[in-house]
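Engineer: Below is the structure, and that's it, no one-letter string:
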């Protein structure tokens, strides 16, 4: 009897050890498969850079003459496609618009808009981005203005329409790099 009592826990330990080992092997195979797919094709990267809300992005990109991939890049960086996103500063929705910006854009477009509604947010955000591109004279400066403010970008540029050579706000500098990286990835993928 003693022999059976002592041998049962050893079998259970072996089985538990084998189960952990098998789970580890399966996880390793899954990770290796994902890495292989990411290196071998562009498809898995589309998961990271989706084209969600494409009906609205296409509609307002055409209406306001803004590159679709730039809109996707800003949405990706601003909210990661979460329509309910809200920053500590109070920016709302997919394109993270402040209330004052939303109100001003809605007034100029003569619409009533909900910043958490994906279509409304993309409409207002794309319109706002188009005004920044027109005001700044370049997409690069417009991206900086989207984060750091139009008045700051005009102050930072050597002349009113000059390309920025230095962005004194670290947050804005990093933001521009992240948006341009996302934009580059969207252009390569789509």
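Structural biologist: Alright, I've got the coordinates. None of the values given here were measured: they were computed from a predicted structure.
Engineer: what residue is smack in the middle of the protein?
Structural biologist: Nearest to the geometric centre of the chain sits residue 76, at 1.4 Å (Cα atoms, centre = their mean).
Engineer: Quick check: phi and psi on it?
Structural biologist: Note on residue 76: its backbone torsions stand at phi -60, psi -50 [degrees, to the nearest 10].
Engineer: Map the structural domains onto the sequence of this structure.
Structural biologist: Using automatic domain parsing, the domains assigned to the chain come out as 2-40, 54-189.
Engineer: Would you mind finding the most buried of those?
Structural biologist: Stretch with highest mean neighbour count among the domains of the chain: domain 54-189 (a mean of 18; mean count of other Cβ atoms under 10 Å). (Each C-beta comes from the backbone N, C-alpha and C, glycine too.)
Engineer: For that domain, measure first residue to last.
Structural biologist: Across domain 54-189, the terminal residues are separated by 15 Å (Cα to Cα, to the nearest Å).
Engineer: circling back to that earlier point, wait, the residue nearest to the centre of the chain sits on residue 49?
Structural biologist: Yes - Residue 76 lies in contact with residue 49 (Cβ atoms under 8 Å); the separation is 6.5 Å.
Engineer: the bottom helix or strand of this protein by mean pLDDT?
Structural biologist: The least trusted helix or strand in the chain, going by mean pLDDT, DSSP states H and E, turns out to be helix 2-40, with a mean of 60.
Engineer: which stretches of this protein have low pLDDT?
Structural biologist: Along the chain, segments meeting pLDDT under 70 span 1-18, 22, 28, 30-44, 158-162.
Engineer: what ranges do the helices span in this structure?
Structural biologist: 2-40, 43-48, 54-64, 68-79, 99-109, 118-136, 139-148, 150-156, 170-189 (DSSP state H).
Engineer: So which elements touch the last one?
Structural biologist: Same thing as helix 170-189. helix 43-48, helix 68-79, helix 139-148 (3 or more Cβ pairs under 8 Å, 6 or more residues apart in numbering; DSSP states H and E).
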